[in-house]
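*Asks:* Generate coordinates for the sequence data below:
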Amino acid sequence: MKTTGWIFIVIGVLAFMGAALKGNSVFGPCAWIAIGGALIYLKREREENQTPEKEVPVSTTPKQQDISKPVENEPIIEEVEQSVPVTLEQKEAAICLIAFFAGYNEDLTTDGAAYMVSYQSAIFFGIDNYKETLIAALPKYQDADKLIDTILTIKDVKSKEFILLTCYDLTKMSGKSEAYEFLYNIANDMGYNREKLNKLINQYTTKK
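*Replies:* Numbering: from 1, shown residues only. Below you'll find the model as predicted:
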């Protein structure tokens, strides 16, 4: 139910972005988002009513104690991975994902803050025509699984961290709890557990 809910939300937000950019009605996409949100809410209610046995090992697992070990090796790993080029398909998936998080914000006008933050992805990935590229790419990634799977193929560390931090900026602007949950889920799939992501965010906000 939870996965289905997120798929509905992704489809709704992507459709919302396409409709907003083209000036069409956004009533239909909003309905998909509402349905997805309702499914996630119901799933969360069920999980809260169950025993939290699954969460106990998370705080005591040895994996968290080993986090300090990879930290020392991260600069070496990152230097190797940073040389991996990002394909056009990966760039398109990245701007679509960022546009998805921008969709959590009500102000999506071309001079709005959310739009300007998402527009930075075009500059970072060297895309000249952001709006045209986004409109052309959105239909390719109406399948949420395809979008996430393509994002997960990105190996370049700087690109992964740019995506996560840009999505974080948009999530912080919206203040939506479901956006935070989705960000943490994607980050975890990208190799950034909650602790590592929070550390990255803290370093990022400190430099600001």
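
*Asks:* Could you find the closest non-adjacent residue to Tyr180?
*Replies:* Nearest residue to Tyr180, sequence neighbours excluded (C-beta to C-beta, 6 or more residues apart in numbering): Thr171, at 5.6 Å. No exception for glycine: its C-beta is placed from N, CA and C like everyone else's.

*Asks:* tell me which element that neighbour is part of?
*Replies:* Thr171 belongs to helix 157-174 when assigned by DSSP states H and E.

*Asks:* mind exporting that helix as PDB, just the C-alpha atoms?
*Replies:* Extracted C-alpha coordinates of helix 157-174, given in PDB (Å, rounded to 0.1, in the frame of the first residue of the first chain):
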ATOM      1  CA  VAL A 157      29.300  11.200  -5.800                       C
ATOM      2  CA  LYS A 158      29.100  15.000  -6.500                       C
ATOM      3  CA  SER A 159      26.000  14.400  -8.700                       C
ATOM      4  CA  LYS A 160      24.300  12.200  -6.100                       C
ATOM      5  CA  GLU A 161      25.000  14.700  -3.300                       C
ATOM      6  CA  PHE A 162      23.800  17.600  -5.500                       C
ATOM      7  CA  ILE A 163      20.500  15.700  -6.100                       C
ATOM      8  CA  LEU A 164      20.000  14.900  -2.500                       C
ATOM      9  CA  LEU A 165      20.800  18.400  -1.200                       C
ATOM     10  CA  THR A 166      18.700  20.100  -3.900                       C
ATOM     11  CA  CYS A 167      15.800  17.800  -3.000                       C
ATOM     12  CA  TYR A 168      16.400  18.700   0.700                       C
ATOM     13  CA  ASP A 169      16.200  22.400  -0.100                       C
ATOM     14  CA  LEU A 170      12.900  21.900  -1.800                       C
ATOM     15  CA  THR A 171      11.600  19.600   0.900                       C
ATOM     16  CA  LYS A 172      12.600  22.200   3.600                       C
ATOM     17  CA  MET A 173      10.800  24.900   1.600                       C
ATOM     18  CA  SER A 174       7.600  22.800   1.500                       C
END
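
*Asks:* Which elements pack onto it?
*Replies:* If you count contacts as 3 or more C-beta pairs under 8 Å, 6 or more residues apart in numbering; DSSP states H and E, helix 157-174 packs onto helix 68-81, helix 88-102, helix 113-124, helix 177-189, helix 194-207.

*Asks:* what's in contact with that helix?
*Replies:* Helix 157-174 is contacted by residues 77-78, 81-82, 86, 90, 94, 97-98, 101-102, 104-105, 113-114, 117-118, 120-121, 124-125, 151, 154, 179-180, 183, 186-187, 190-192, 197, 200-201, 204 when judged by C-beta atoms under 8 Å, 6 or more residues apart in numbering.
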